[in-house]
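Visitor: Pasting the sequence and the predicted coordinates here, then a few questions.
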Amino acid sequence: MNIRLRHDALVRSLRRNGTTTIENLASEVGASRRTVLRDISALRDEGFVIHSDVGRGGGVHLDPQSMQTTARLSVPEVFALLISVAAMRAAGSLPFSDLADAGLAKIEKALPSDKVKDLRAFLDCLHIGQLSPLQDVSNVGKIDSGLLPAFETSFLQKQCLRFDYSDARGRKTQREVEPQAMLILPPLWYLVAWDPTRQGIRHFRMDRISKPEPIEGSNFRRRHVPFEDDVCPFSELTH
């Protein structure tokens, strides 16, 4: 059981059982007494109020009014929320933008400093524009849910990305590229990357990417993508 699942199990047990012992908790989650003590300390740091009763018959219990005050979201999860809000705003379909911004600000404020740093680095790679009215969007497919975690690793650790790609004509190839940016032109989403094989910047529709896999041990340099000149001419979107 990983740490997050174990923490969730401990909170559920404390809510369900009231006062209990460390030994009982350890047995329930399949961990050592020392591990559970460390977990309880971590849960307190996250905002849960957990009381300890000393002496014979003592134990630990969770304040019934206690709530978690620290967001336990990963960088990709928070980034998914941010880019969803940004995409809706760009499309003019975000009627409660002030409330959305306030909620996202609270989430970011609750994140540990290292996660905030990663999140901001991730956001620097995001660009949003308007799609050309000449672009055909009749065949937009579903985006692989594994893309965002793979992008996090590739962008933050500057690892090359390997994936299977189906182009506009349905031809399938395996590509190895250097991710440079993510481009949203609602309703189309693109990975903008340097393709060493073709020696140039290419745009890959995310709904045509499958089996994304960061390449361990690889490394690349960040390149300038001239979004200020033209975000993405529609004629360049067929790679």
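Guide: That came in fine, so what should we check first?
Visitor: host element of the most centrally placed residue in the chain?
Guide: With distances taken as CA atoms, centre = their mean, the residue of the chain nearest its centroid is residue 76 (0.5 Å). Residue 76 belongs to helix 75-90 when assigned by DSSP states H and E.
Visitor: if I look at the residue nearest to the centre of the chain, how far off is residue 108?
Guide: 14 Å (CB to CB, to the nearest Å). Backbone N, C-alpha and C define where each C-beta goes, glycine included.
Visitor: and residue 201, how many residues sit next to it?
Guide: As a burial measure, residue 201 scores 19 neighbours (other CB atoms under 10 Å).
Visitor: That one: what's it in contact with?
Guide: Residue 201 is in contact with 180, 192-195, 223, 225, counting by CB atoms under 8 Å, 6 or more residues apart in numbering.
Visitor: Could you do residue 87 as well?
Guide: 128, 184, 186.
Visitor: Walk me through the domains of the protein.
Guide: 3-62, 71-122, 125-239 (automatic domain parsing).
Visitor: Helices of the protein, residue ranges please.
Guide: Secondary structure of the chain (DSSP state H): helices at 3-17, 22-29, 33-45, 75-90, 97-110, 113-123, 147-157.
Visitor: mind giving me JSON lines with these and columns for mean pLDDT?
Guide: Formatted as JSON lines, the helices of the chain follow (pLDDT from 0 to 100):
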{"stretch": "helix 3-17", "mean pLDDT": "87"}
{"stretch": "helix 22-29", "mean pLDDT": "92"}
{"stretch": "helix 33-45", "mean pLDDT": "89"}
{"stretch": "helix 75-90", "mean pLDDT": "78"}
{"stretch": "helix 97-110", "mean pLDDT": "77"}
{"stretch": "helix 113-123", "mean pLDDT": "82"}
{"stretch": "helix 147-157", "mean pLDDT": "89"}
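Visitor: What are the neighbouring residues in contact with residue 76?
Guide: Here residue 76 is in contact with 148-149, 151-152 (criterion: CB under 8 Å, 6+ apart).
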